[in-house]
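Novice: Here is my input, please return the structure:
(chains A and B)
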Amino acid sequence: MIKSIKTWILIGFASILLVACGQGGGSGSKKSKTLENTKKAGFVKCGVSQGLPGFSNADASGNWTGIDVDVCRAVAAAVLGDADKVKYTPLSAKERFTALTSGEIDVLARNTTWTLSRDADIGLTFVGVNFYDGQGFMVRKNSGINSVNDFKNGISACTNTGTTTELNMRDFFNSKNIQYEPIAFEKADEVVQAYDAGRCDTYTTDKSGLAAQRTKMSNPDEHKVLPETISKEPLGPVVRQGDSVWEDIVRWSLNTMIEAEEYGVNSSNASSLKDSENPAIKRLVGSEGELGAAFGLDNEWSLRIIEQVGNYGESYKKHIADTGILPNRGPNQLWTKGGILYVPPAR
Amino acid sequence: MNFKNFKFDLSNKNKNLIPQVLTVLFILLLIIYFTINAQNNMGNRGISFGFGFLSQESSFDITFSLIDYDGSHSYARAFLVGLLNTILVSVIGIFFATILGVTVGISRLSQNYLIAKTAEWYVEIFRNIPLILQIFFWYFAALRALPLTIDSINFYDISFLNVKGWYVPKFLWTNFSLFLYSIIFSIIAIIFFLRYAKQQRDEFGKQFPTFYISVAILFVLPTLTFLIGGVSLTFEIPELTQLSKTVYVYKGGVSIIPELIALALALSMYTATFIAENVRAGILGVSKGQKEAAASIGLTKGQILKLVVMPQALRIIIPPTTNQYLNLTKNSSLAAAIAYPDIVLVFAGTALMQTGRAIEIISITMLTYLSLSLSISVFMNWYNKKMAIKEK
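Specialist: Presented below is the predicted three-dimensional model:
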């Protein structure tokens, strides 16, 4: 009941807000209403998941951690000077876009897949990718299923409702001409419970999600993730359409973290690199150029991100690798090291 | 109307009318203001408004559907699937809640201490635990308690119960329509017979064993269609199939998914407690003198309950029970928590998310529940009127 009612209240509220908050989000001008409001409020309003280890997860005392959370923290460090000045709103897959378009949150960093229809159709703008993921399947080790080619007619698959996984699952099984039983739950916890109880033969979602949820099973060693990846899932932060300055701030906060890793700038050496020989590093730590002025920020915005949040590599290591979720960076490695992380230069 | 003689008089009638008209106008203006404002805001944010998406391909599948459906059908069709599933679980829930509620309600008034106390405990426990917890309890408790497919609980080799659902034989009919007509015909015949019996009783005081004769008609005619009408029935029995080393599934037959069972069980167990209290209140509301008077003119115990107590008790029972039926229907929206594909999960969940059309979809869903509830209300009000005292 709690969950369901919350959804309804939120959607109701969101609709009311959408109706009541007047002529917001002006366009084109250099002034950013979202930036002004954020500075006035003193915190960044950030939408996160309801608990996905590695991405956004609250500990017992309510502290949020994860690589999605670090995007919010980076924006807060850039705009407000303090990475801790973030107000987190946990959202279900269903609530997330309404919460963003209605103005309840200003940044959505909730392992959200960038797709054409989301970007173009419903008033959202994706600003980048902070995790390259793909959908996979988890099965019981003793099932005798070693690859997706072992799936046969009649297999039952549990997943989350309201996500791209539901659609990918259909595309996949249809292309293989396999009849399947889809069982879609509203919350990830119930999916895990049902799969663990044997209600379904396989559990499908993004591979990072599978790895994270496996740790919640009653006996994680009994389960394995199949090698195949059936979809592209570029996950990234999202902002409302129509405030291009705010959009740029969020985009370049993320880019700064990745660029910092590329140039070897991290949270511990950033301030000592102010006199570096390399102009690219000097721009990153704010000792050369006037890059912040373009968004109406001071020149140390990027230095604060690196010092307070760290570069992308640090964030990944802390939240994804060291927690045992995905020790191998795979595609989420820098382009210089064989991955596909490649950001436009900050200059 | 003669305009020459018309004058605007502030008689009492008009005095009362003006504030009412103003209120309606105010509310209308408010609605118009909010609608226009919403449209402007959505326009500013690049969100379009419209119902065109309903005819687009939905491209997601649904576990359980009463009509033919897969992802290549439209969102409108997905809506219909969800609606039918909501109606299905509501009807099942109302049916069992009523039977259970009436039984428990009467049991609470039993002279037998054990029966009365058991009924009381049942009511006190199940109406005081939040429904969502009961739904989770039945679902996850059942999932944990039920065996895996390979170790299914076997009912005489025709029906199987396991963690993936309850598999029952599928009826394969030939000449099904003839059988259906025979049942409809039987029902019409019974109605005519009951009228005739009532007339005979009213005019000549002649009593018929109406119940047994009705049952006989209902059985004989459909049986005849089997014997001479060429109707036949075979069963498709679910068969265990191995998908991989340890993965098994039953194919064929009809599978009743555990989500439906858990939800129907939770809804009827919960609502039955309230209906039981209504029934108890109704029976206690009939004064003792009525029963004594009926006994004094020589009616049997069954007749007293049927002819004297129940007709009066029903008048007390029906209105609050209507509320419970409405509650049950609305509470079925909690289905989303345990993956039963009702209208909230399918339409206000997946479809909303895929299309992003929050305002349109939530409005449609609200209107749907409103119409469902109003239909139940209308029916129950009709029934209530039928049962009301007819002053002569």
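Novice: so where do the helices sit in the stretch 151-300 of chain A?
Specialist: With DSSP state H, counting those that start in this stretch applied, the stretch 151-300 of chain A shows helices at A:164-175, A:188-197, A:207-214, A:244-262, A:279-284, listed in chain order.
Novice: quick one: the residue of the stretch 151-300 of chain A found nearest chain B and residue B:323, what's the gap?
Specialist: Residue nearest to chain B within the stretch 151-300 of chain A: residue A:162 (3.3 Å; CB to the nearest CB). Where you see a C-beta, it was placed from the backbone N, CA and C, and this is true even at glycine. According to CB to CB, to the nearest Å, residue A:162 stands 32 Å off from residue B:323.
Novice: In terms of packing, which of the two has more residues around it?
Specialist: Comparing residue A:162 with residue B:323 by other CB atoms under 10 Å in any protein chain shown, the one with more neighbours is residue A:162, at 24 against 13.
Novice: Next up, the contacts around that one.
Specialist: By CB atoms under 8 Å, 6 or more residues apart in numbering or on different chains, the contact list for residue A:162 reads A:92, A:93, A:94, A:186, B:349, B:350, B:352, B:353, B:354.
Novice: tell me which element the closest residue to it other than its chain neighbours falls in.
Specialist: Computed as CB to CB, 6 or more residues apart in numbering or on different chains, the closest residue to residue A:162 that is not its neighbour in sequence is residue B:353, at 3.3 Å. Using DSSP states H and E, residue B:353 falls within helix B:352-355.
Novice: who does the following helix or strand past that helix touch, helix- and strand-wise?
Specialist: Downstream of helix B:352-355, the next assigned helix or strand under DSSP H and E is helix B:358-387. Packing contacts for helix B:358-387, counted by 3 or more CB pairs under 8 Å, 6 or more residues apart in numbering or on different chains; DSSP states H and E, involve helix A:2-20, helix B:75-108, helix B:310-331, helix B:343-345, helix B:352-355.
Novice: pLDDT below threshold where in the stretch 51-200 of chain B?
Specialist: Applying pLDDT under 70 to the stretch 51-200 of chain B flags no residue at all.
Novice: residues from it in reach of chain A?
Specialist: B:59-63, B:71, B:130-133, B:140, B:143-144, B:148, B:163-164 (CB under 8 Å from any CB of the partner chain).
Novice: how about the helices in the stretch 101-250 of chain B?
Specialist: With DSSP H, counting those that start in this stretch, the ranges of helices along the stretch 101-250 of chain B come out as B:113-127, B:131-145, B:176-204, B:210-228.
Novice: pretty sure residue B:72 contacts residue B:56?
Specialist: No: shown here, residue B:72 and residue B:56 do not form a contact pair, counting by CB atoms under 8 Å, at 11.2 Å.
Novice: where's residue B:210 relative to chain A, distance?
Specialist: Distance, residue B:210 to chain A, using CB to the nearest CB, to the nearest Å: 46 Å.
Novice: and if you look at residue B:27?
Specialist: Residue B:27 is 16 Å from chain A, where distance means CB to the nearest CB.
Novice: Among the contacts of residue A:162, which one lies nearest to residue B:362?
Specialist: Nearest to residue B:362 among these is residue B:352, at 7.4 Å by CB to CB.
Novice: what's near enough to touch that closest one?
Specialist: Residues in contact with residue B:352 (CB under 8 Å, 6+ apart) are A:94, A:162, B:358, B:361, B:362.
Novice: May I ask which two of those residues are separated the most?
Specialist: Within those, A:162 and B:362 form the most distant pair, 13.9 Å apart (CB to CB).
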